[in-house]
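1. Based on what follows, work out the 3D shape:
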Amino acid sequence: MGMPWRRDGILVGSGARTLGLGALVLAAGGALAWWGRRPRGRFEAREQANRLRLAGGAVMAASVLADSSIGHYGGNFFRRLMLVAPPSAAATLAASLAGPAHWTAPRRGVLLAAAAIGLVGNAFHLYNVGKRTGGFGWLNLFYGAPPLAPAALSLAALLSLSADRTGPLRRLADDPRLLLGLVAVGLAGNVGEVAVLHYRGAFHNRYMVLPLAIPAAAAGACAVAAARPAAERARLAAGLLAAGGLTGAAGIAFHAFGIHRNMGGWGNASQMVLQGPPLGAPPSFIALALAGLGALAEMGDWLHD
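-> The predicted structure is shown next:
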């Protein structure tokens, strides 16, 4: 089997395989969305939506827990405030798994505190990038603290709170269009982070384009479906969200392989997990897909069309 064609040192021979994998992911996402549109009663649709919202919050919290634990450990916890993120993510995960029917007041307190901690962490990360020599340049965006990463903790808390119909964010819970808009914003932020980090990696694997293209399309479809609800727009958003979730699942495998191909691989996991692609990042696409599908499940007639 010949080597892929290279031009000026850039790998260009895997484009067809990339398009093939992208088409497969889109087809699988469309099949899942079609399966999910079986007729349901209004109460059952709301219950399903709540479960998907909580699942999205739990997966996002688990993603933040893994990402912040590894990233802050790699930074030697040189600021004491770096110790706050992993326990906050763990508490958010526990609150998401418990659901709104258990320990209601403490659960709300934990989630609201996590949302605030995520915003404060975002400010610290932006400060970390800005204070470096050169300020907000590409080099500092590549190697400084990821600017938008802490916002994922706030997003995890909001996704979980959106299943609490009597909580402080009742409007977010009762209007699925607001949640779908939040999912679109979350996907756009994720795509921005992926674009910076995959560009830093020079897109050495052509599959690295997929977590930009598919979630970006899903973000646009969700924004349109939230602003102008219609059955056709909701189906398109559902298919792209499912494809985005599958892209996140594939990303976990690709990142694990990226760690394997570094010197020492998994046999030197204590070093390579810190230096390789972040294992905790791709599940965020799964979390947003679950929450978005939960919002669409409650938006109405498209399920019974």
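2. Show me what the longest helix anywhere in the chain is packed up against.
-> The residue-count maximum for a helix in the chain (DSSP state H) belongs to helix 42-74. Packing contacts for helix 42-74, counted by 3 or more CB pairs under 8 Å, 6 or more residues apart in numbering; DSSP states H and E, involve helix 85-98, helix 151-161, helix 269-275, helix 283-298. (C-beta placed from N, C-alpha, C; glycine too.)
3. could you redo those as a markdown table and give each row distance to Val110, mean neighbour count and mean pLDDT?
-> Formatted as a markdown table, those follow (distance: least, CB to CB, whole Å; neighbours: other CB atoms under 10 Å; pLDDT from 0 to 100):
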| stretch | distance to Val110 | mean neighbour count | mean pLDDT |
| --- | --- | --- | --- |
| helix 85-98 | 5 | 22 | 94 |
| helix 151-161 | 8 | 29 | 94 |
| helix 269-275 | 28 | 14 | 80 |
| helix 283-298 | 18 | 28 | 92 |
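4. want to try TSV for those helices, with distance to Leu197 as columns?
-> Output for the helices and strands packed on helix 42-74, formatted as TSV (distance: least, CB to CB, whole Å):
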stretch	distance to Leu197
helix 85-98	19
helix 151-161	14
helix 269-275	13
helix 283-298	13
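5. which stretch among those helices comes nearest Phe203?
-> Closest approach to Phe203 among the helices and strands packed on helix 42-74 (CB to CB): helix 283-298, 17.9 Å.
6. tell me how far that closest one is from the chain's mean position?
-> Mean C-alpha position of helix 283-298 versus that of the full chain (CA atoms, centre = their mean, to the nearest Å) differs by 10 Å.
7. same thing with stretch 127-140?
-> For stretch 127-140, the separation from the chain centroid amounts to 25 Å (computed by CA atoms, centre = their mean).
8. got the buried residues for it?
-> Asn128, Val129, Arg132, Asn140 (16 or more other CB atoms under 10 Å).
9. do the same with stretch 236-249
-> For stretch 236-249, the neighbour count (16+ other CB under 10 Å) marks 236-248 as buried.
10. list the contacts for the residue lying closest to Gly74 once chain neighbours are set aside?
-> Spatially, and ignoring its direct neighbours in sequence, Gly74 is nearest to Leu274 (4.3 Å; CB to CB, 6 or more residues apart in numbering). Contact analysis of Leu274 by CB atoms under 8 Å, 6 or more residues apart in numbering lists Ile70, Tyr73, Gly74.
11. Those, buried ones only, as a PyMOL selection?
-> Selection of buried members from the contacts of Leu274 for PyMOL, criterion 16+ other CB under 10 Å:
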select buried, resi 70
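12. export the contacts of Leu274 to JSON lines and tack on pLDDT and distance to Glu193?
-> Shown next, in JSON lines, are the contacts of Leu274 (pLDDT from 0 to 100; distance: CB to CB, whole Å):
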{"residue": "Ile70", "pLDDT": "90", "distance to Glu193": "15"}
{"residue": "Tyr73", "pLDDT": "89", "distance to Glu193": "20"}
{"residue": "Gly74", "pLDDT": "85", "distance to Glu193": "17"}
